[in-house]
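Colleague: what would the 3D arrangement of this be:
(chains A and B)
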There are 2 protein chains.
Amino acid sequence: MSKFYGIGVGVGNKYNLTKNAIEVLKKIDILFVPFGKKDNDKSVAYKIVESYLPDNLEIRRKHFPMSYDSEELKLAWENISNEIIREINNDKNVGFVTIGDPMVYSTYIYLFKLLKEKVDIETIPGITSFLDIASNCNFPLVEGDEPLVIVPATIGVEKVREYLIKENSIVIMKVYKNFNEIKELIIKENLIDYALVVSNSSKENQEIFYPITDANKDNVSYFTTILINKNYRYK
Amino acid sequence: MSKFYGIGVGVGNKYNLTKNAIEVLKKIDILFVPFGKKDNDKSVAYKIVESYLPDNLEIRRKHFPMSYDSEELKLAWENISNEIIREINNDKNVGFVTIGDPMVYSTYIYLFKLLKEKVDIETIPGITSFLDIASNCNFPLVEGDEPLVIVPATIGVEKVREYLIKENSIVIMKVYKNFNEIKELIIKENLIDYALVVSNSSKENQEIFYPITDANKDNVSYFTTILINKNYRYK
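Modeller: Got it, this is the predicted structure:
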């Protein structure tokens, strides 16, 4: 039985791929890979898996939209999913690589929903950004009976503030766009000692900003995450 | 330079180990492994890594306390950490395996805090229970601008209720002890369609309960987690 494999590949370090992910990359027939709009613009996911791919694996480079909120974008996802369905019905095992973990804030979920009634699907978990950063920087994220809250900064600074006040362990994702406001918030709430800012975690150009006052919108990258643990002083 | 390696091994499936974890298990000199109080009571962590361990690796079986809230337990952790420090000062590379991820609700954090000023530490992330379950069961956990909240049920049913009402994506961990109360809560809040209960995720004896009404304290195991996504109906 041919299958669709959704493969989480972590955020940068190719040694953070699971054994399962590596084995699946060896046995599939076709790999769908996100690429930038320009032809040679390799995606992060592709760079992570590149060295594991066998020579005879067929690579299909696709531009995957980052969202799903217009008819045009929906159509783009539907076209890709129809192509995948055709190949699986043709007895091909098809893979798709996605950064971080497939079930946590991943555009893989769009594809999954379009495919799930139509083909067999196996999803392979990956190390998400906040797990990658926490271990990589030796930063204990949460202990005991504490909740752990993951908040995309895109919900707005006011809502991020509510979590910052109420919770002890908070991960702020997608922080690039309103980085400076989030930073001011952290300073105002006296959380400088407990906040770690990491850009490009476990990639070659990884940067750690501590204290957060060293970071600003101009020197952090698109892939930036803030970890806060009020019960742990980083240095 | 000798080092201490804290190695996350996931929750059950040995193929969910990262390449990094597997490589480190090959190069260390001594592995500290949690064991039950009875001599042959292999821990979950040990069973996951067993097949990767080279013949010449020295295994030190230890009973690790699950908490840190008495002088006696603190002393037990201190004794283990002192033993590890001695071996590292003796030029040995020492590893410690922990289920799930080392920086998220792991007793590894006790050990880490005792060691961090004294030896070089490298922490290797692992697939936590909620990532394991979400992919394993094809359950999209969180999308877009939604927060994701991880709540240990041990904070109390009232607090779990607050998160259940307010949030859309919630993971309830350590749910065994007050499983029946949490289940009643989920039923009362009309979340039956959106809640997935998994015992022993990715172990041989994994069980999925859907709807949650099929599960109760007598048929779920100690390793049980509930995933809820109000934006996703499981079946």
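
Colleague: beyond the longest helix seen in chain A, next helix or strand please.
Modeller: If you go by DSSP state H, chain A has its longest helix at helix A:71-89. Stepping forward along the backbone from helix A:71-89, the first helix or strand reached (DSSP states H and E) is strand A:94-98.

Colleague: the helix or strand that comes right after that following strand near chain B at all?
Modeller: Tracing the chain C-terminally past strand A:94-98 and defining elements by DSSP H and E, one meets helix A:108-115 next. Yes: Helix A:108-115 comes into contact with chain B when judged by C-beta under 8 Å from any C-beta of the partner chain, the residues involved being A:109, A:112, A:113. No exception for glycine: its C-beta is placed from N, CA and C like everyone else's.

Colleague: can you give me the buried ones in the longest helix of chain A?
Modeller: A:76, A:77, A:80, A:81, A:84, A:85, A:87, A:88 (16 or more other C-beta atoms under 10 Å in any protein chain shown).

Colleague: which residue is the nearest non-sequential neighbour of the residue of chain A positioned farthest from its centre?
Modeller: Among the C-alpha atoms of chain A, the one farthest from their average position, using C-alpha atoms, centre = their mean, is that of residue A:90, at 30.5 Å. Nearest residue to residue A:90, sequence neighbours excluded (C-beta to C-beta, 6 or more residues apart in numbering or on different chains): residue A:2, at 7.9 Å.

Colleague: quick check: pLDDT value at that neighbour.
Modeller: According to the prediction, residue A:2 has pLDDT 97.

Colleague: check contacts around it.
Modeller: By C-beta atoms under 8 Å, 6 or more residues apart in numbering or on different chains, the contact list for residue A:2 reads A:88, A:89, A:90, A:91, A:92, A:93, A:94, A:119, A:120.

Colleague: and the furthest pair within these?
Modeller: Farthest pair in these (C-beta to C-beta) is A:90 and A:120. Separation: 14.0 Å.

Colleague: which outside residues touch stretch A:175-193?
Modeller: A:153-154, A:157, A:160-161, A:164-165, A:172, A:195, A:211-213, A:215-217, A:220-226, A:228, A:230, A:233-234.

Colleague: can you flag the buried ones in these?
Modeller: Using 16+ other C-beta under 10 Å as the threshold, A:153, A:160-161, A:164, A:172, A:195, A:211-212, A:215, A:220, A:223-226, A:228, A:230, A:234 are the buried ones among these.

Colleague: which ones among the residues you listed are found in helices?
Modeller: For the buried ones among the contacts of stretch A:175-193, membership in helices holds for A:160, A:161, A:164, with DSSP H as the criterion.

Colleague: how close does the first one get to residue A:187?
Modeller: Taken as C-beta to C-beta, to the nearest Å, the spacing of residue A:160 relative to residue A:187 amounts to 13 Å.

Colleague: cool, residue A:176 as well?
Modeller: 18 Å.

Colleague: those two: which is more packed in?
Modeller: Between residue A:176 and residue A:187, residue A:176 has the larger neighbour count (other C-beta atoms under 10 Å in any protein chain shown), namely 17 against 14.

Colleague: ok so, going back, ok, of the ones in helices among the buried ones among the contacts of stretch A:175-193, which one's closest to residue A:205?
Modeller: Each of these was scored against residue A:205 by C-beta to C-beta, and residue A:160 proved nearest at 25.9 Å.

Colleague: pLDDT at the closest one, what is it?
Modeller: On pLDDT, residue A:160 comes in at 98.

Colleague: which residues touch it?
Modeller: Under the criterion of C-beta under 8 Å, 6+ apart, the contact list for residue A:160 reads A:151, A:153, A:172, A:182, A:185.

Colleague: what do you get for residue A:77?
Modeller: With C-beta under 8 Å, 6+ apart as the criterion, the residues that contact residue A:77 are A:64, A:65, A:68, A:110, A:111, A:114.

Colleague: which of the residues you listed has the weakest pLDDT?
Modeller: residue A:68 (74).

Colleague: residues near that one, how many?
Modeller: Other residues within reach of residue A:68, judged by other C-beta under 10 Å, total 16.

Colleague: surely it touches residue A:76?
Modeller: No: with contact defined as C-beta atoms under 8 Å, residue A:68 does not reach residue A:76; the gap is 9.2 Å.

Colleague: at the geometric centre of chain A, which residue sits there?
Modeller: Within chain A, one residue has its C-alpha closest to the average C-alpha position: by C-alpha atoms, centre = their mean, that is residue A:100, at 3.5 Å.

Colleague: do I have it right that it meets residue A:127?
Modeller: Yes: taking contact to mean C-beta under 8 Å, the distance of 7.4 Å between residue A:100 and residue A:127 places them in contact.

Colleague: list residues touching both of these two?
Modeller: With contacts taken as C-beta under 8 Å, 6+ apart, residue A:100 and residue A:127 have A:8, A:10, A:11 as neighbours in common.

Colleague: contacts only, for residue A:54.
Modeller: A:25, A:26.

Colleague: give me the three-state assignment for it.
Modeller: At residue A:54 the chain is in coil, as set by DSSP: H, G, I helix; E, B strand; the rest coil.

Colleague: same deal with the one 5 residues further on?
Modeller: Following three-state DSSP, residue A:59 is assigned to strand.

Colleague: would you map the strands across chain A?
Modeller: A:4-8, A:30-34, A:58-62, A:94-98, A:121-124, A:148-152, A:169-173, A:195-199, A:207-209, A:224-229 (DSSP state E).

Colleague: identify whichever of those strands lies nearest to residue A:45.
Modeller: Using C-beta to C-beta, the nearest of those to residue A:45 is strand A:94-98, at 4.3 Å.

Colleague: list the helices and strands that closest one packs on?
Modeller: Packing partners of strand A:94-98 (3 or more C-beta pairs under 8 Å, 6 or more residues apart in numbering or on different chains; DSSP states H and E): strand A:4-8, strand A:30-34, helix A:44-49, helix A:71-89, helix A:108-115.

Colleague: and it, how far from the chain's centre?
Modeller: Taking C-alpha atoms, centre = their mean, to the nearest Å, one finds the center of strand A:94-98 at 14 Å from the center of the full chain.

Colleague: let me see the mean pLDDT of it.
Modeller: Across strand A:94-98, the per-residue pLDDT values average to 97.

Colleague: again, but for stretch A:167-186
Modeller: For stretch A:167-186, the mean confidence score works out to 97.

Colleague: what comes up buried for it?
Modeller: By neighbour count with 16+ other C-beta under 10 Å, stretch A:167-186 contains the buried residues A:167-176, A:178-179, A:181-183, A:185-186.

Colleague: and for stretch A:16-35?
Modeller: Buried residues in stretch A:16-35 (16+ other C-beta under 10 Å): A:16-22, A:24-25, A:28-35.

Colleague: anything in it near chain B?
Modeller: Yes: under the criterion of C-beta under 8 Å from any C-beta, stretch A:16-35 makes contact with chain B via A:16, A:17, A:18, A:19, A:20, A:22, A:23.
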